[in-house]
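Chemist: structure of the sequence below:
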Amino acid sequence: MSKRKTTFALLLLTLAALSVHGYHPYAEDAEIYLPGVKKLLHPELYPVGTEFFQSHASLTLFPNLIAASVRITHIPFDYAIFVWYMASIFLLLVACWEFSGICFDSVMARWGAVGLVAALLTLPVAGTALYLMDQYLNPRNLAAFAAVFAVSRVLQDKYLHASIWLIFAAAVHPLMASFAVAFCAVLILLEKIRKPVPTMAGLLPFVSVFAPPPPAYREAMRFHTTHFLLHWQWYEWLGIIAPFPIFIWFGRIARSRNLKNLERGCQAAVVYELVYFAVALVIAIPDRFETLARLQPLRSLHLLYLFLLMATGGFMAEYVLKNRVWRWIALFLPLCAGMFVAQRALFPATAHIEWPWAASKNEWEQAFLWGRNNTPTDAVFAIDPFYLGIPGEDTIGFRALAERSRLADAYKDSGAVSMFPPLAEEWREQFLAQKDWKHFTQADFLRLREKYGVSWAVLQLPENIGLSCPYRNSAVAVCRVGP
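Modeler: From the prediction side, this is the model:
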């Protein structure tokens, strides 16, 4: 197949992936990453609470990259992030195509590898609270394709090219890039010494003894139990353990069929996972290591799952599906249907694909947009600190969409605390100031106004609290606090 036809086929596969997995530009962690981009484009935004997203933004060039693309192209922001999102899917599939070409001899196996990744893009990665690729633009999506390109170059002994991809990954997401660096290091060391045990010992990081974390930090971590291995469910543990025998089995098959690069990759995957599993256990057991949980060593599974799916898809295509069209349909149609249904269950009140030119169907989004268009830029909002978990809200981030400051919430801002402990006391103070939100009265809102400058609130039940609410729909109202 010519490069032109391959590129066209990968573009079609990108569109198919979009139709299966959807697109929700302001969902979940977009609340952390997009405000940093908007702050660069419009410095007057977010006069309050910037520390809860700038802590992440300061460690990555992701906001600078996206903001620069908006400035250079003059494309509206929502269109720009949609283009970046589509490009990230396409480039991941291109990276998988290249990787599978290094590991498998047949074109059919390559399409099986790429097709399985595309079908399962939003597959959860064990208990890490990650998907293979999120339904919105974020630095992890960009680091993912860079990591796969880097590993492919290492398998080809093109270390300079691999280094360039790793530098790019580190520039957009240092933590996820560190896992790619570790995997590449394991590949190189195993090739040099051919003995996995010394390699594992050499990769174990030095772990410092930390004093017990302060109460405010512990309180924030209550909302992020996925950081702690001992809190995982049994089926999430299965997500750690199952890859070991699978990779060992795949490595033996690869050896018997003289697929040397695939064999190398499988061996490296076993060692790589053993190392990070050991580190996760060390961090999880003694309380004094609790603050090390923010290193999230089991997020290393993200890269491992990508390789696992590519190897699985390649073997299935070559030895099971073959050239029987009905077999491909029998496998991929139920997979895609299941992933589609799962995404609709996650975002039931929102359009499956939130096109940048389409009006929002979600009533929470409509309220946030009204706040963006009808309140002063320096307005400070209060909103239920647990709003991201309210049915029908669909995890849409207020800061990212409304472009207004708000007080700290329970989920995303505590996530910033989990990575940056010095924010803990400030987060706890604001979080406790909104305690018992469901029973707030006018006096409580006036207290927030006096202490934090809150001038607006988003409420589900604004009746009988003495606030003027110029906007309301059947889900929420936007109310003025004070005169």
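Chemist: could I get the full set of strands for the stretch 51-200 of the chain?
Modeler: Counting by DSSP state E, counting those that start in this stretch, the stretch 51-200 of the chain has no strands at all.
Chemist: remind me which residues of it are low pLDDT?
Modeler: Scanning the stretch 51-200 of the chain for pLDDT under 70 picks out 194-200.
Chemist: redo that, cut-off 90
Modeler: Across the stretch 51-200 of the chain, the ranges flagged by pLDDT under 90 are 52-59, 126-129, 190-200.
Chemist: can you give me the helices in it?
Modeler: Ranges of helices in the stretch 51-200 of the chain, per DSSP state H, counting those that start in this stretch, are 51-57, 62-73, 77-103, 107-119, 139-155, 159-172, 174-193, 196-203.
Chemist: CSV please, covering the ones you listed and showing distance to L230 and mean neighbour count.
Modeler: No exception for glycine: its C-beta is placed from N, CA and C like everyone else's. As requested, the helices of the stretch 51-200 of the chain are exported to CSV (distance: least, CB to CB, whole Å; neighbours: other CB atoms under 10 Å):
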stretch, distance to L230, mean neighbour count
helix 51-57, 26, 21
helix 62-73, 32, 17
helix 77-103, 32, 21
helix 107-119, 31, 25
helix 139-155, 25, 26
helix 159-172, 30, 18
helix 174-193, 21, 19
helix 196-203, 22, 14
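Chemist: nearest to A410, out of these?
Modeler: The minimum distance between A410 and the helices of the stretch 51-200 of the chain falls on helix 51-57, with 12.2 Å, by CB to CB.
Chemist: who are the packing partners of the closest one?
Modeler: If you count contacts as 3 or more CB pairs under 8 Å, 6 or more residues apart in numbering; DSSP states H and E, helix 51-57 packs onto helix 30-41, helix 412-419.
Chemist: turn these into a markdown table, including distance to G392, mean pLDDT and mean neighbour count.
Modeler: Shown next, in a markdown table, are those (distance: least, CB to CB, whole Å; pLDDT from 0 to 100; neighbours: other CB atoms under 10 Å):
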| stretch | distance to G392 | mean pLDDT | mean neighbour count |
| --- | --- | --- | --- |
| helix 30-41 | 17 | 95 | 23 |
| helix 412-419 | 18 | 85 | 23 |
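Chemist: can you redo those helices as TSV with distance to F332?
Modeler: Formatted as TSV, the helices and strands packed on helix 51-57 follow (distance: least, CB to CB, whole Å):
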stretch	distance to F332
helix 30-41	29
helix 412-419	34
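Chemist: relative to W328, which of those is closest?
Modeler: helix 30-41 (34.0 Å).
Chemist: returning to what we had before: quick one: closest of the helices and strands packed on helix 51-57 to G127.
Modeler: The nearest among these, by CB to CB, is helix 412-419 at 15.2 Å.
Chemist: then that closest one to PDB, C-alphas only?
Modeler: Only the C-alpha atoms of helix 412-419 are listed here, as PDB (Å, rounded to 0.1, in the frame of the first residue of the first chain):
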ATOM      1  CA  LYS A 412      -9.800  19.100  40.300                       C
ATOM      2  CA  ASP A 413      -8.200  21.500  42.700                       C
ATOM      3  CA  SER A 414      -7.500  18.800  45.200                       C
ATOM      4  CA  GLY A 415      -5.800  17.100  42.200                       C
ATOM      5  CA  ALA A 416      -3.500  20.100  42.000                       C
ATOM      6  CA  VAL A 417      -2.800  19.700  45.700                       C
ATOM      7  CA  SER A 418      -1.900  16.100  45.300                       C
ATOM      8  CA  MET A 419       0.800  17.100  42.900                       C
END
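Chemist: before we move on, back to that, out of the helices of the stretch 51-200 of the chain, which comes closest to D409?
Modeler: Proximity to D409, assessed across the helices of the stretch 51-200 of the chain by CB to CB, is greatest for helix 51-57 (8.8 Å).
Chemist: give me the mean pLDDT for the helix or strand containing A443.
Modeler: For A443, the host element (DSSP states H and E) is helix 442-452. What helix 442-452 shows for mean pLDDT is 93.
Chemist: okay, helices next: where are they in the stretch 351-483 of the chain?
Modeler: In the stretch 351-483 of the chain, the helices defined using DSSP H, counting those that start in this stretch lie at 363-374, 398-402, 412-419, 424-433, 442-452.
Chemist: now these in JSON lines, with distance to L130?
Modeler: Putting the helices of the stretch 351-483 of the chain into JSON lines (distance: least, CB to CB, whole Å) gives the following:
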{"stretch": "helix 363-374", "distance to L130": "24"}
{"stretch": "helix 398-402", "distance to L130": "19"}
{"stretch": "helix 412-419", "distance to L130": "13"}
{"stretch": "helix 424-433", "distance to L130": "23"}
{"stretch": "helix 442-452", "distance to L130": "33"}
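Chemist: buried deepest among those helices, which one?
Modeler: With neighbours defined as mean count of other CB atoms under 10 Å, the helices of the stretch 351-483 of the chain peak in mean count at helix 398-402, which reaches a mean of 26.
Chemist: what residues does that one touch?
Modeler: With CB atoms under 8 Å, 6 or more residues apart in numbering as the contact definition, helix 398-402 has outside contacts at 26, 30-31, 33-35, 38, 46, 49, 53, 365, 368-369, 371-372, 381, 383, 387, 404-406, 458.
Chemist: and for stretch 151-161?
Modeler: With CB under 8 Å, 6+ apart as the criterion, stretch 151-161 contacts 95, 98-99, 102-103, 162, 165, 180, 183-184, 187-188, 261, 264-265, 303, 307.
Chemist: now swap in stretch 94-103 and tell me
Modeler: Outside stretch 94-103, the residues within contact range by CB under 8 Å, 6+ apart are 6, 10, 109-110, 113-114, 117, 145-146, 148-149, 151-152, 155-156, 254, 259, 261-262, 265, 306-307, 310-311, 313-314.
Chemist: please name the nearest non-neighbouring residue to W437.
Modeler: Of all residues not flanking W437 in the chain, D384 sits nearest, at 5.0 Å (CB to CB, 6 or more residues apart in numbering).
Chemist: OK, contacts around that neighbour?
Modeler: 390, 434, 437-438, 458-460.
Chemist: cool, and L121?
Modeler: If you count contacts by CB under 8 Å, 6+ apart, L121 has them with 17, 20-21, 89, 131-133, 339.
Chemist: now the residues you listed in JSON lines, with distance to V172?
Modeler: Below are these laid out as JSON lines (distance: CB to CB, whole Å):
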{"residue": "A17", "distance to V172": "21"}
{"residue": "V20", "distance to V172": "25"}
{"residue": "H21", "distance to V172": "21"}
{"residue": "I89", "distance to V172": "16"}
{"residue": "Y131", "distance to V172": "17"}
{"residue": "L132", "distance to V172": "17"}
{"residue": "M133", "distance to V172": "14"}
{"residue": "M339", "distance to V172": "26"}
